[in-house]
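Trainee: What shape does this take:
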Amino acid sequence: MPGPTFPIARVTLSGIGLALGLAVAPIPLTAQVPTAPAVAAADATILDAREAARRRDRSRLAAARATAQAARHPLAPWVDYWDLTSRLSEVQVEEVESFYTRWPGSYVEDRLRNDWLLELGKRRDFGNLARDYPRFRMNDDREVSCWWLLTEHLAGRDVLEPARAAWWAQREADDGCNMLATALFDAKRFTVDDVWRKARFAVEANRPGAARQAIGLLGIAQAKDAAEALDQPARFVHRTAESGSRARQELRLLALMRLAASDVDAAASELDARGRSALPAAMAAWGWAAVGRQAAMKLSPDAASHYHRAWSLLPTGEAHQPGWSDDTLAWGARAALRVTRPSDRWPLVLRHTQAMSALQQADPTWVYWRARALRALAKDGPAGDDQRAEARRALESIAGPLGFYNQLAAEDLGQPLVLPPPAATPNPTERDAARQTPGLSRALHLANLGLRDEARREWNFTLRGMSDRELISAARLACEVSDWQLCINTSERSKLEVDVATRYPTPFAAEINQAARAAGLEPAYVFGLIRQETRFMPLLRSHVGASGLMQLMPATARWVAKRAGVDLPRPDSVYDPVTNLRLGTTYLKLVQDDLGGSQALAAAAYNAGPGRPRRWREGAPVEAAAWAENVPFNETRDYVKKVLSNTAVYSALLGGQPGSLKARLGTTIGPRDVGAPPSNTELP
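Mentor: Numbers count the residues shown, from 1 in each chain. I've put the predicted structure just below:
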């Protein structure tokens, strides 16, 4: 049965302007909140300040700051932050410290500290940077970390391991990490090997700028050759067929990696023809792994054989830990899952998962597939009992009712999908504590003004360090004002106590059930998809223009409306939940029917367009879970797994019976049946 219901916000539409009018009693934000008319008038100041910040209008910002602080507006800290950051390059330490003092412990205090630490790095003011950094609570900015590690290095402390990890993980070229790397290379702490390894990781991540910056540490000559290797890889590869110096070999490898990204077959041909003579075995192995990764991302049937070549070339000392990135190893495991013969498939899956970092190995994805490989490779009879027991323990470590691989592991163990028991409703003390938490209050106020990005950051910062009970109380607070996005995201943070009512809420239940049944869809599937699309927020609009509960693109909405005979009198009609649900479920059903009724394929099509999953299903049939893991786009892969996992939970929640993820996945996914109707190429 559905969990407890929460009051639902009333959606009001006025022309093309959108507003969220709350149908519940307003929740007190802080003891200092003025009366409703005063708040409404003062809120205009906040919105004006945000617009002034976007336009970099300093005089307007200064005036708004004075007005907000005089009115003691709850969001005055944000106006103060926007004002100060607009002139951060000009301020001195004393003004920043004064800001910290005005808003101690708040999100904007720590947000400004992040900005200020970057500014201090630019100024090379390492003394003040070293003094302020220990107070940085978020500590989630890699460039700031690099500046801090540089100050530690300059103070004579050993920072080699964390500095190397930060530098290798850096994706975009930035001043702080480059200066750290330069200092450690000049001090002979970073080696030439470190530099080339950094360049390889950067090229793999398609960050040639970061690769150039790293190679620049080795001198002008290498930097000049690197420009050709990275910008014109095919030409460089043909021009440097001979082995040459270490630098020439490394640049040839980088060029082959760049070439593989655009032409896998050409890179493979170069490696096959001259790889052994032009590159040492360990470098050639990196090249084949890079080719295998690109082939796997294109679902090429040759991907696994490319990876096999890579493993076969590794020197004895690197045979188990080749130093490839976790992403390269993950794509190797995915390619192995698509191998037809189990005797070839499972050893390669096991080899890739065992070479991953400890952090990657702990991910439920690879716990699950490693367990499957161990079980498949176990010897018959008593000789394989220990290995089968190891596989079972691995599955038991992740088995549970929530999460894609958790659910698969549970089903593999024969456990039904039974939802956690209801969480205890927050008591009055817990509810009051949530309501009186300033950061949560500010976040809800920001959200009500349409400043959702600021609201999310304020809210998430405030959640840091909360217990499960505090998180559940905060989630309930968000649900009570129909901010389902904050509600669900907060509820997902609890570890030991799970509040299904807030983690999997059922707003718009009557409308969703009606639309799903009218379209011929399972209601649980529609709930699961909307939870992933918008967290049930009816007024959300994506950066590409997708709108409403089911995130319909304008062209898709018009196409479906014409087909279904739905009138769309205004551009904002698509935000109406009933209209959006009718159009969205109609489209989803059309897509699902076109793809043979598969919920996995339909979810992929809803996210990435119907043409892509049509291509992704070609080739030999593969196990449905392996197909989902091989979806080439990271976002779509995550989307498919979460939609289907959500669907299994909502099936149990709505029907009161254990759900089954495997039943929704099906056994295998492969090409369209020979007797099936042709693809509906009109689907947008």
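Trainee: so for stretch 532-549, what's the average pLDDT?
Mentor: When pLDDT is averaged along stretch 532-549, the result is 95.
Trainee: mind checking the end-to-end distance for that stretch?
Mentor: From its first residue to its last, stretch 532-549 covers 10 Å (CA to CA, to the nearest Å).
Trainee: Next: stretch 591-600.
Mentor: Using CA to CA, the end-to-end distance of stretch 591-600 comes out at 11 Å.
Trainee: Outside of it itself, list whatever touches it.
Mentor: For stretch 591-600, contacts defined as CB atoms under 8 Å, 6 or more residues apart in numbering pick out 521, 525, 601-602, 605-606, 610, 613-614, 617, 624, 627-628, 640, 643-644, 647, 664-666, 669, 672-673, 676, 679-680, 683. (Each C-beta comes from the backbone N, C-alpha and C, glycine too.)
Trainee: can you rerun that using 7 Å?
Mentor: The contact list for stretch 591-600, computed with CB atoms under 7 Å, 6 or more residues apart in numbering, reads 525, 601-602, 605-606, 610, 613, 624, 627-628, 640, 644, 647, 664-666, 669, 672-673, 676, 679-680, 683.
Trainee: Mind listing what's buried along it?
Mentor: Buried residues in stretch 591-600, counted by 16 or more other CB atoms under 10 Å: 591-592, 594-596, 598-600.
Trainee: Let me see the ranges of the helices in the stretch 401-550 of the chain.
Mentor: 404-412, 428-435, 438-448, 452-463, 468-480, 484-491, 500-503, 509-519, 523-533 (DSSP state H, counting those that start in this stretch).
Trainee: L149: which of these is closest?
Mentor: With respect to L149, and counting by CB to CB, the nearest of these is helix 452-463 at 23.8 Å.
Trainee: Which strands or helices does that closest one pack on?
Mentor: Contacts defined by 3 or more CB pairs under 7 Å, 6 or more residues apart in numbering; DSSP states H and E place helix 452-463 against helix 107-123, helix 438-448.
Trainee: Quickly name whichever of the buried residues of stretch 591-600 is closest to A226.
Mentor: Proximity of the buried residues of stretch 591-600 to A226 (CB to CB) peaks at A600, which lies at 42.5 Å.
Trainee: Against S651, how distant is the closest one?
Mentor: Computed with CB to CB, to the nearest Å, the distance linking A600 and S651 is 15 Å.
Trainee: And for E95?
Mentor: Plainly put, E95 is 57 Å away from S651 if you go by CB to CB.
Trainee: and if you look at T667?
Mentor: Using CB to CB, T667 is found at 19 Å from S651.
Trainee: quick one: which of those two has more around it?
Mentor: S651 (24 against 10; other CB atoms under 10 Å).
Trainee: Quick check: next helix or strand after the helix or strand bottoming out on mean pLDDT in the chain?
Mentor: Counting by mean pLDDT, DSSP states H and E, the chain has its least confident helix or strand at strand 17-21, which shows a mean of 29. Downstream of strand 17-21, the next assigned helix or strand under DSSP states H and E is helix 36-55.
Trainee: Now the helix or strand that that following helix is followed by: average pLDDT?
Mentor: Scanning forward in sequence from helix 36-55 by DSSP H and E, the next helix or strand is helix 58-70. If you average the pLDDT over helix 58-70, you get 96.
Trainee: Output helix 58-70 in CSV with nothing but the alpha carbons.
Mentor: Presented in CSV, the C-alpha positions along helix 58-70 are these (Å, rounded to 0.1, in the frame of the first residue of the first chain):
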residue,chain,number,x,y,z
ARG,A,58,27.8,46.5,-8.5
SER,A,59,25.9,49.7,-7.5
ARG,A,60,22.6,47.8,-7.7
LEU,A,61,24.1,45.0,-5.6
ALA,A,62,25.4,47.3,-2.9
ALA,A,63,21.9,49.0,-2.6
ALA,A,64,20.2,45.6,-2.4
ARG,A,65,22.7,44.5,0.3
ALA,A,66,21.9,47.5,2.4
THR,A,67,18.2,47.0,2.0
ALA,A,68,18.2,43.3,2.8
GLN,A,69,20.4,43.8,5.9
ALA,A,70,18.3,46.7,7.2
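Trainee: And the longest helix anywhere in the chain, what's buried?
Mentor: Looking across the chain with DSSP state H, the single longest helix is helix 634-655. Within helix 634-655, the residues scored as buried using 16+ other CB under 10 Å are 636-637, 639-654.
Trainee: what does stretch 312-322 give?
Mentor: By neighbour count on 16+ other CB under 10 Å, the buried set for stretch 312-322 is 313-314, 318, 322.
Trainee: now the longest helix of the chain and helix 509-519, what's the angle there?
Mentor: With axes from the mean of the first three to the mean of the last three CA atoms, to 10 degrees as the basis, helix 634-655 and helix 509-519 are set at 100 degrees to each other.
Trainee: Moving C-terminal from helix 634-655, which element do we reach first?
Mentor: helix 661-665.
Trainee: For that next one, output the C-alpha coordinates as CSV.
Mentor: The C-alpha trace of helix 661-665 is given here as CSV (Å, rounded to 0.1, in the frame of the first residue of the first chain):
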residue,chain,number,x,y,z
LEU,A,661,13.7,-6.4,-11.1
LYS,A,662,14.6,-9.4,-13.2
ALA,A,663,11.0,-9.8,-14.4
ARG,A,664,11.2,-6.2,-15.8
LEU,A,665,14.6,-6.6,-17.3
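Trainee: Report the strands that pair with the helix or strand that it is followed by, each with its relative direction.
Mentor: Next helix or strand after helix 661-665 toward the C-terminus (DSSP H and E): strand 668-669. Strand 668-669 pairs in its sheet with strand 622-623 (antiparallel), by DSSP bridges.
Trainee: what's the average pLDDT for the helix or strand that the strand it pairs with is followed by?
Mentor: Where DSSP H and E defines the elements, the next helix or strand beyond strand 622-623 is helix 624-629. Averaging pLDDT along helix 624-629 gives 98.
Trainee: So what's the gap between helix 624-629 and the chain middle?
Mentor: When C-alpha coordinates are averaged (CA atoms, centre = their mean, to the nearest Å), helix 624-629 and its chain have centres 19 Å apart.
Trainee: Which residues lie in contact with the residue nearest the centre of the chain in this structure?
Mentor: Central residue of the chain (CA atoms, centre = their mean): E635, 7.1 Å from the mean position. The contact partners of E635, by CB under 7 Å, 6+ apart, come to none.
Trainee: mind putting the buried residues of stretch 591-600 in JSON lines, distance to A229 included?
Mentor: JSON lines is the format used below for the buried residues of stretch 591-600 (distance: CB to CB, whole Å):
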{"residue": "V591", "distance to A229": "43"}
{"residue": "Q592", "distance to A229": "47"}
{"residue": "D594", "distance to A229": "44"}
{"residue": "L595", "distance to A229": "42"}
{"residue": "G596", "distance to A229": "46"}
{"residue": "S598", "distance to A229": "43"}
{"residue": "Q599", "distance to A229": "45"}
{"residue": "A600", "distance to A229": "40"}
